[in-house]
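Colleague: everything below, folded, please.
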Amino acid sequence: MSNIRHTPAAPTRAQRLAAGDRIDAHRHDDHQIVYAGSGVLAVTTDAGTWFAPGTRAIWVPAGTTHAHRAHGRLDLHLVGLPADDNPLGLDTPTVLAVGPLLRELILAYTRDLPTTAPNATASSPFSVTSCVPHRSSPCGCPPRPIPVWPRSARSSTSTPPNRAPSPPSVPRPAHPNARSAVSSAPSSA
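Modeller: Numbering: from 1, shown residues only. Coordinates of the predicted model:
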C-alpha cells in the first residue's frame, strides 16, 4: 500500500459511499470500529481483507494501515477509540458481531456529528465492551496468490490420472420417423 496517509485521530463519523468507492490506504494512532449500516464493507490491510455486512463490524487496531472499499451503496459508520482503550485486547484486525442493540448504538453515535467529532471517550454513550469478536464463520480473506496453471498442464491430449477413458461412441439408431435412403425406383427382377 503506497502513498499512506497518516491521520493521528481516528474519526467518528458517518458517510455515504457509492458502489465501488474507496478510501485509500491510511493509518491512525487510535483504534477504529468500522461498520456498514447498509451495503458490504471491505477493509484491506497487509494481513488480508475483511468483509462486513450489516451484522458485522471490523476492529482496526491503532497504527494498522488499512483501506476501505464499498460493495454496493454503503452507509459507512466509523467510531474512533483512544489507543489506550482496548477492553477486548485485540491487536489484529478482527470481525465483530453486531447485534440489534449495538447497531442502533453505532448509528445513533455516528449520525449528525460535525465532521471533526472527537473520539469516543469514557463519558460517551458508546461502549466498546458491547462488541464481541465474531469467530463462528470467518469473513476475512488472507492474501493468497491464485495459482496459474501453465498451458502445458492443461493439454487436451492427455488423460488426467485416476480417470478412466471415455467409452467409445456408439452410433445412435435412426429415429422411426426418419426418411429412408432407399430408392423408390422399381426393381428389375
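Colleague: and the spatially closest residue to G20 that is not a sequence neighbour, how many neighbours does it have?
Modeller: Nearest residue to G20, sequence neighbours excluded (Cβ to Cβ, 6 or more residues apart in numbering): A70, at 6.4 Å. For glycine as for every other residue, the C-beta is placed from the backbone atoms N, C-alpha and C. Using other Cβ atoms under 10 Å, the number of residues around A70 comes to 22.
Colleague: in this structure, which spans are helices?
Modeller: Here the chain has its helices, by DSSP state H, at 100-110.
Colleague: which stretches in it count as strands?
Modeller: Using DSSP state E, the strands assigned to the chain run over residues 5-7, 13-17, 22-28, 31-45, 48-52, 56-60, 66-81, 94-97, 132-133, 140-141.
Colleague: for those strands, which one ends up most surrounded?
Modeller: strand 56-60 (a mean of 25; mean count of other Cβ atoms under 10 Å).
Colleague: redo the strands of the chain as JSON lines? Include distance to L105.
Modeller: Formatted as JSON lines, these follow (distance: least, Cβ to Cβ, whole Å):
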{"stretch": "strand 5-7", "distance to L105": "24"}
{"stretch": "strand 13-17", "distance to L105": "13"}
{"stretch": "strand 22-28", "distance to L105": "21"}
{"stretch": "strand 31-45", "distance to L105": "10"}
{"stretch": "strand 48-52", "distance to L105": "16"}
{"stretch": "strand 56-60", "distance to L105": "11"}
{"stretch": "strand 66-81", "distance to L105": "9"}
{"stretch": "strand 94-97", "distance to L105": "13"}
{"stretch": "strand 132-133", "distance to L105": "13"}
{"stretch": "strand 140-141", "distance to L105": "24"}
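Colleague: can you lay out those strands as JSON lines showing mean pLDDT and distance to L88?
Modeller: Output for the strands of the chain, formatted as JSON lines (pLDDT from 0 to 100; distance: least, Cβ to Cβ, whole Å):
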{"stretch": "strand 5-7", "mean pLDDT": "90", "distance to L88": "23"}
{"stretch": "strand 13-17", "mean pLDDT": "94", "distance to L88": "22"}
{"stretch": "strand 22-28", "mean pLDDT": "93", "distance to L88": "17"}
{"stretch": "strand 31-45", "mean pLDDT": "93", "distance to L88": "10"}
{"stretch": "strand 48-52", "mean pLDDT": "92", "distance to L88": "15"}
{"stretch": "strand 56-60", "mean pLDDT": "94", "distance to L88": "7"}
{"stretch": "strand 66-81", "mean pLDDT": "94", "distance to L88": "10"}
{"stretch": "strand 94-97", "mean pLDDT": "91", "distance to L88": "8"}
{"stretch": "strand 132-133", "mean pLDDT": "52", "distance to L88": "7"}
{"stretch": "strand 140-141", "mean pLDDT": "52", "distance to L88": "16"}
